[in-house]
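J.: With the sequence up front, the predicted model follows.
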Amino acid sequence: MTTEDVRPGILQRVLTDYRAVFFDLLADSFPAGLEIAAGEARPEEQIRPGTPQKAGFYPVQNIHILKGGLYLCQQRGVIEWLTELNPDVLIVEGNPRYLSTPQAIRWMHQRNRPVIGWGLGVPASGGLRSSLRITFLKEFDAIITYSRQGKVGYVTAGIPEEKVFIAPNAAAFRPAAEAPARQLSFVDTRLTVIFVGRLQDRKRVDLLIRACSQLDEQMQPKLIIVGDGPERASLERLAGQIYPLAVFEGDRRGKELDDLFRKADLFALPGTGGLSLQQALAFALPAIAAEGDGTQVDLVRPENGWLVKPGDLESLRRTLQIALSDPETLTQKGRESFRIVREEINLERMAEIFEEAVHYVLKQGSG
């Protein structure tokens with residue numbers, strides 16, 4: 001079966017705006033049609049939904065069960081969608097908390113069609129929960145993960161290495177032009193640090209504010225905080241008390257966000273996750289990031305930035321002090337950031353790996 005003939009289906013819990021861009025790019029590789037099924041997020045998640053322009057979309061109903069570490073999601077309408085679309089291959093989130101996924105896998109395998117899982121990796125745990133997760137993962141004909149660390153986790157859990165594909169997580173396209181000629185953006189002789197992301201507890205923006213406040217006074221940067229979320233009010237109060245150099249820009253997209261990236265000298269991601277990290281690198285920004293799910297290790301290296309211990313205020317403060325004390329090194333590391341996005345980690349490369357995984361499972365046949 002050639003690429004032109006393949007019709008993939010992609011099942012997501014929710015479809016975000018940044019994923020819609022990626023799926024539209026991926027749809028270019030499958031002219032027979034690519035369709036996403038997804039439901040709605042809980043209102044308190046404040047997730048911005050996406051609307052694909054090239055890929056098809058089928059709405060399912062998300063039934064959210066419990067919260068936090070006990071969260072489960074049942075999706076109504078998945079089998080109806082599969083019956084209507086009749087996909088040649090199915091790509092699903094490799095998360096056992098999504099209760100409809102095993103049913104979707106069975107539907108595909110009963111028709112001798114492959115299923116690809118897509119996930120971060122395997123959490124370090126033991127006991128029955130770990131055993132059930134591994135049993136779930138072994139139902140997939142291949143797995144796509146974001147990082148080398150993620151692949152190691154899957155292989156350690158017993159997934160054959162040849163079945164695990166690394167598609168580095170991206171939100172920015174491969175730059176078409178050369179790296180921007182950045183000039184250090186001194187504001188009243190101060191450098192500018194930027195954070196972009198949802199303002200929630202796990203992002204640890206509070207640590208970033210506290211670390212900046214503990215720097216030597218002449219070293220303290222202007223801090224631009226871009227994003228919105230449940231922690232915004234408390235973060236604004238904290239900044240008002242200890243760091244008035246922090247500016248809260250709210251949610252910014254498109255050109256407005258691009259302009260803010262251009263005004264910055266250093267990107268900081270003190271907590272977990274964050275596709276904005278790859279976007280920042282595309283603007284030739286050096287980065288400080290907390291070690292998290294493994295994607296940060298692939299994006300932030302000694303050549304283009306610094307990794308810090310998660311939740312460690314002193315590690316973050318010390319690293320900020322080092323970074324801001326050497327403006328020339330910031331410029332050099334920023335050039336390497338741009339090279340990484342141009343040559344290694346971008347939306348185009350991510351789509352290429354997804355296409356490779358699809359060809360692999362179709363060639364191997366369904367389990």
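T.: Good, I have the coordinates. Numbers count the residues shown, from 1 in each chain.
J.: Any stretches of this protein with poor pLDDT?
T.: 1-2, 124-129, 182-188, 274, 293-294, 365-367 (pLDDT under 70).
J.: one more time with 80, if that's ok
T.: Applying pLDDT under 80 to the chain picks out residues 1-3, 46, 123-130, 179-189, 273-274, 292-295, 365-367.
J.: need the longest strand for it.
T.: When the chain is parsed with DSSP state E, its longest strand is strand 8-14.
J.: The one residue sitting closest to the centre of the chain and Leu330: what is the separation?
T.: Centroid check for the chain by Cα atoms, centre = their mean gives Leu275 as the closest residue, at 4.3 Å. Distance of Leu275 to Leu330, computed by Cβ to Cβ, to the nearest Å: 22 Å. In short, each C-beta sits where N, CA and C put it, glycine included.
J.: Same check on Ala289?
T.: Using Cβ to Cβ, one gets 15 Å for the distance from Ala289 to Leu330.
J.: out of these two, which sits in the busier spot?
T.: Ala289 (25 against 19; other Cβ atoms under 10 Å).
J.: separation between the more buried one and Gly250?
T.: Distance, Ala289 to Gly250, by Cβ to Cβ: 23 Å.
J.: ok, now Leu82?
T.: To Gly250, Leu82 is 40 Å away according to Cβ to Cβ.
J.: between these two, which one's more packed in?
T.: Between Leu82 and Gly250, counting by other Cβ under 10 Å, Leu82 is the more crowded of the two (21 against 11).
J.: Quick one: residues contacting that one.
T.: Residues counted as contacts of Leu82 (Cβ atoms under 8 Å, 6 or more residues apart in numbering) are Gly9, Leu90, Ala104, Trp107, Met108.
J.: tell me which of the residues you listed is nearest to Gln74?
T.: Minimum distance to Gln74 across the contacts of Leu82 is 12.1 Å, recorded for Ala104 (Cβ to Cβ).
J.: In contact with the nearest residue to that closest one once chain neighbours are set aside, which residues?
T.: Spatial nearest neighbour of Ala104, chain neighbours left out: Val78 (5.3 Å); criterion: Cβ to Cβ, 6 or more residues apart in numbering. Val78 sits next to Leu11, Ala37, Val60, Ser100, Gln103, Ala104 when contact means Cβ under 8 Å, 6+ apart.
J.: From Cys73, how far out is the first one?
T.: Summarising the geometry, the distance separating Leu11 from Cys73, computed by Cβ to Cβ, is 11 Å.
J.: Which neighbours do these two have in common?
T.: By Cβ under 8 Å, 6+ apart, Leu11 and Cys73 have these common neighbours: Ser100.
J.: And those two? Which one has more around it.
T.: Between Leu11 and Cys73, counted using other Cβ under 10 Å, the more crowded position is Leu11 (26 against 21).
J.: and the more buried one, what are its bridge partners?
T.: Ala37, Val92 (DSSP bridges).
J.: That one contacts Phe23, correct?
T.: No: Leu11 is beyond contact range of Phe23, at 11.9 Å (criterion: Cβ atoms under 8 Å).
J.: Which neighbours do those two have in common?
T.: Ile36.
J.: tell me the contacts of Pro168?
T.: By Cβ under 8 Å, 6+ apart, the residues touching Pro168 are Tyr146, Ser147, Gln278, Thr295, Asp298, Leu299, Glu344, Ile345, Arg349, Met350.
J.: And the chain, what are its domain boundaries?
T.: 3-170+346-364, 192-343 (automatic domain parsing).
J.: Need those in CSV (columns: distance to Ala179).
T.: What follows is those, written out as CSV (distance: least, Cβ to Cβ, whole Å):
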stretch, distance to Ala179
domain 3-170+346-364, 14
domain 192-343, 4
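J.: winner for burial among those domains?
T.: Among the domains of the chain, the stretch with the highest mean neighbour count (mean count of other Cβ atoms under 10 Å) is domain 192-343, at a mean of 19.
J.: Give me the contact list for stretch 254-261.
T.: Here stretch 254-261 has contacts from Ile194, Val196, Ile224, Val226, Glu249, Arg252, Phe267, Gln279, Ala280, Phe283, Leu285, using Cβ under 8 Å, 6+ apart.
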